[in-house]
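**Q** need the 3D shape of this:
(one chain, ligands or ions: 2)
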Amino acid sequence: MRTTVGIIGAGPAGLLLARLLHNAGIDSVVLESRDRAYVEHRQRAGILEQGTVDVLRAADAGERMDREGLRHDGIELRFDRRRHRVDFPGLTGGRSVMVYAQTEVCKDLIALQLKEGGPLLFEAEALAVEGAESDRPAVRFRHEGREDVLECDYVVGCDGFWGVSRKAIPASLSRVFERTYPFGWLGVLADVAPSHDELVYARHERGFALLSMRSPSVSRLYLQVPADTDAQAWSGEEIWEELERRLETDDDWTLRRGPITQKSVTPMRSYVHEPMRHGRLFLAGDAAHIVPPTGAKGLNLAVGDVVTFAQALTHQQRTGSTELLDAYSATCLRRVWQAERFSYDMTTMLHRHPDATPFDERLQLARLDRIASCRAAETDLAEGYTGFPIG
Ligand code: RFL
Ligand code: PHB
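**A** Ligands and ions are numbered 1, 2, ... in the order given. Okay, here's the model as predicted:
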């Protein structure tokens, strides 16, 4: 098998890249180790930045998002039993975000790829990237019980944090920057209308809580828990009670309860691999970097990476110049580090750290109070949340 761009992984990064390349007239083959149902139902991100929404529309992949997605013009911060709304358009010159789940983005992109695009192979596991330093890199993979080789001009590793592509970069050339947190998120999906029309991020002495949603009738909720928590150890009743405590306000707001249909625990980490390119192998999305989910940045960073790659390759194919491909890693990393900073700030401002002193706790409240009372501080949050520019 031979193609121009071999793409490993059919998460949001790999699927969107295949679409962008198809629209630019460049061939690709996507290899995905899991089956289609798994990729389409894996519960993850829920928030698309303004820039991600614009990219999906421009790629002719935003039709159902525009029909079914929920545009959100703000979020609420809750602390000290108070509520403070951050108005995105008013602070950022008209920017907003979209509530449209990663599962739906993936379903839309898979349907388009199978109808119009190049090969997308499910249950095709990449085993190794070979010859990244040569001008004929290849991906060795297993599909339908047989080993095969995909020869490429370029390989893009979109295979997430646990994938194989990052391992093809020699350790002597790699630098890893990493932080783990002593807590995770217990996430639940519940068949009940959201208790608020916008997302609520709550800081509480008992730990962080987040109220989000998937649709007007499905809520998505998260609780900070110790990193080693077993989701099954929490009953539905305990989850609702804890959410109620952490989200409680001094006014008459109430939490609606409903049947919980899914629950799981996600660990939290910050991670960056530098560089994001080695020869003709390019890393994109979670394969290169991870952010804790508090800033809702992971999927949006993946989108920025593949847009940057698609623009760089299109430029090379049109002009013969590799200048944008050569700049890929530095261009992406600048935005990645802004998202790392934003996600770290949101995480440390809102979570209870087990080693926090009373001084640290007062500082958290002072940071929140600053956002609630100073337009410059609030604008900084609104700009970060709605997204940093791509490229
Ligand atoms: P993915 O989605 O992990 O996809 C990688 C794909 O590669 C496949 N794969 C392989 N395929 C072939 N051969 C191999 N050897 C392979 N190894 C792996 C995998 O099966 C998979 O299909 O990475 P990608 O595309 O970079 O996308 C990244 C996003 O999924 C991730 O950043 C977000 O989900 C993070 N995230 C959020 N991001 C946001 O922008 N907004 C949010 O609101 C948000 N909330 C979240 C989140 C992540 C969460 N979890 C569970 C980590 C909330 C949570 C709880
Ligand atoms: C979600 O809806 O899954 C979600 C929303 C906002 C976040 C993280 C996750 O910051």
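**Q** tell me where this structure has helices.
**A** Using DSSP state H, the helices of the chain run over residues 12-23, 36-41, 50-58, 63-68, 88-92, 102-116, 236-247, 298-319, 323-350, 358-373, 375-386.
**Q** from those helices, which stretch is densest packed?
**A** When the helices of the chain are scored by mean count of other Cβ atoms under 10 Å, the highest mean neighbour count falls to helix 12-23 (a mean of 26). In short, each C-beta sits where N, CA and C put it, glycine included.
**Q** residue 79 is in contact with residue 365, correct?
**A** Yes. With contact defined as Cβ atoms under 8 Å, residue 365 reaches residue 79; the gap is 6.3 Å.
**Q** now do the shared contacts for these two.
**A** residue 203 (Cβ atoms under 8 Å, 6 or more residues apart in numbering).
**Q** OK, contacts around whichever residue of the chain sits closest to ligand 2?
**A** Proximity of the chain to ligand 2 (Cβ to the nearest ligand atom) peaks at residue 46, 2.5 Å away. By Cβ under 8 Å, 6+ apart, the contact set of residue 46 is 99, 100, 101, 102, 212, 213, 214, 220, 296.
**Q** low-confidence stretches in the protein?
**A** Applying pLDDT under 70 to the chain flags no residue at all.
**Q** sorry, back to before: just so I know, which of the helices of the chain lies nearest ligand 1?
**A** It is, among the helices of the chain and with distance given as Cβ to the nearest ligand atom, helix 298-319, at 2.3 Å.
**Q** run the contact check for that closest one versus ligand 1.
**A** Yes. Counting by Cβ under 6 Å from any ligand atom, ligand 1 has neighbours in helix 298-319: 298, 299, 300, 302.
**Q** what's the closest non-adjacent residue to residue 282?
**A** residue 156 (4.9 Å; Cβ to Cβ, 6 or more residues apart in numbering).
**Q** ditto for residue 388
**A** Closest to residue 388 by Cβ to Cβ, 6+ apart is residue 338, at 4.7 Å.
**Q** right, and that neighbour touches residue 390 too?
**A** No. Counting by Cβ under 8 Å, residue 338 stays clear of residue 390, with 11.4 Å between them.
**Q** just the buried residues of the contacts of residue 46.
**A** Neighbour counting over the contacts of residue 46 (16 or more other Cβ atoms under 10 Å) leaves 99, 100, 101, 102, 212, 213, 214, 220, 296 as the buried ones.
**Q** ok, the residues you listed vs ligand 1, which is closest?
**A** Ligand 1 lies nearest to residue 296 out of those, by Cβ to the nearest ligand atom, at 3.6 Å.
**Q** and the closest one, how far from residue 347?
**A** Per Cβ to Cβ, to the nearest Å, residue 296 is found 12 Å from residue 347.
**Q** pull the distance from stretch 63-77 to the chain's centre.
**A** Chain-centre distance of stretch 63-77: 16 Å, with Cα atoms, centre = their mean, to the nearest Å.
**Q** does that stretch come close to ligand 2?
**A** No. On the criterion Cβ under 6 Å from any ligand atom, stretch 63-77 is out of touch with ligand 2, staying 8.5 Å away.
**Q** that stretch: end-to-end distance?
**A** Distance between the two ends of stretch 63-77: 31 Å, counting by Cα to Cα, to the nearest Å.
**Q** going forward, the N-terminal residue is numbered 17.
**A** I'll keep to 17 as the first residue from here, and by that count the last item is stretch 79-93.
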